[in-house]
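Novice: I would like the atomic coordinates for the input below:
(one chain, ligands or ions: 1)
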Amino acid sequence: MSTKKKRKDNSYPDIHHILSISRVIPVVNIDNPKQAVPLANALLEGGVGVIEVTLRTPAAVECIKKICREVPKMCVGAGTVWTRDAAKKVRKAGAQFIVSPGRSDAVFKYCKKHQIPLLPGTQTASEIALWVERGFEAVKFFPAEVAGGVNALKAYSSVFGELKFCPTGGITSQLVDDYLSLSSVVCVGGSWLVSKKAISERDWGRVNPELLAARESSDNSGPPWD
Ligand code: 3PG
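Specialist: Numbering: from 1, shown residues only. Alright, predicted model coming up:
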């Protein structure tokens, strides 16, 4: 088999363009589908064109569907996807990318078959190596703070070369700059970007200042991707 053919067989949808949209990705748990569209619009107004809606509420799939349909400028990802069934549901709802908290071969196969970009969760060197072997150019590092944070990423970057990371889990506004200053970190995700209170109280005016503070520091932290 030629190298060219082999590469084609291993082809996997590129996540580069999605992770380049914003250096901070809001990870949101939405309880009520009525909150979904105003929240997505508030994020767009705050300059953030990407959102990860986690499947941690019964309303999540409906929220993904609504945002995809009514806020076409928003790039919508589905998070906390670790079964084939969940992957199928969010694909049908229109999700443009899928984020898994850890390794799921069922989700990987489904995403590959349907050509949906996947950001797989990793925590150890062995897990990272698996995705590198599968041809991934970026992985999620989760739960970042528990798994060694910035120091662990520095160690992994020294061995995994060009691989990019999107750390999430336990990151706060105080820590985000430390992560973004690493050349291996393309963007940082987290729920701290939009407070639960702002969502539950539908206080969309509050989303912007919170985001702006995060964006201000991320804008100063250099180019995301070579
Ligand atoms: C995720 O799914 O990426 C994390 O749960 C986000 O973690 P955080 O809530 O600690 O930001």
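
Novice: Let me know how buried the closest residue to V188 other than its chain neighbours is, in neighbour terms.
Specialist: Nearest residue to V188 in three dimensions, chain neighbours excluded: Y179, at 4.9 Å (C-beta to C-beta, 6 or more residues apart in numbering). Bear in mind the C-beta positions are built from the backbone N, C-alpha and C, glycine included. With neighbours defined by other C-beta atoms under 10 Å, the count for Y179 comes to 27.

Novice: after the helix-or-strand element of the chain with minimal mean pLDDT comes which helix or strand?
Specialist: Ranked by mean pLDDT, DSSP states H and E, the helix or strand of the chain with the weakest confidence is helix 3-9, at a mean of 43. Next in sequence after helix 3-9, counting helices and strands by DSSP states H and E, comes helix 16-19.

Novice: returning to what we had before: assign a three-state SS to the residue nearest to V188, would you?
Specialist: With DSSP: H, G, I helix; E, B strand; the rest coil as the basis, Y179 sits in helix.

Novice: Return the residues of this protein in contact with the ligand.
Specialist: 27, 54, 79-80, 142, 168-171, 189-192 (C-beta under 6 Å from any ligand atom).

Novice: Next, E137: phi, psi?
Specialist: Main-chain torsions, E137, degrees, to the nearest 10: phi -100, psi -10.

Novice: Over to K34?
Specialist: Phi and psi for K34, reported as degrees, to the nearest 10, are phi -70, psi -20.

Novice: what does H114 give?
Specialist: phi -100, psi 10.

Novice: Measure how buried it is and give me the count.
Specialist: Neighbours around H114, by other C-beta under 10 Å: 12.

Novice: wait, it sits on V90?
Specialist: No: counting by C-beta atoms under 8 Å, H114 does not reach V90; the two are 10.8 Å apart.
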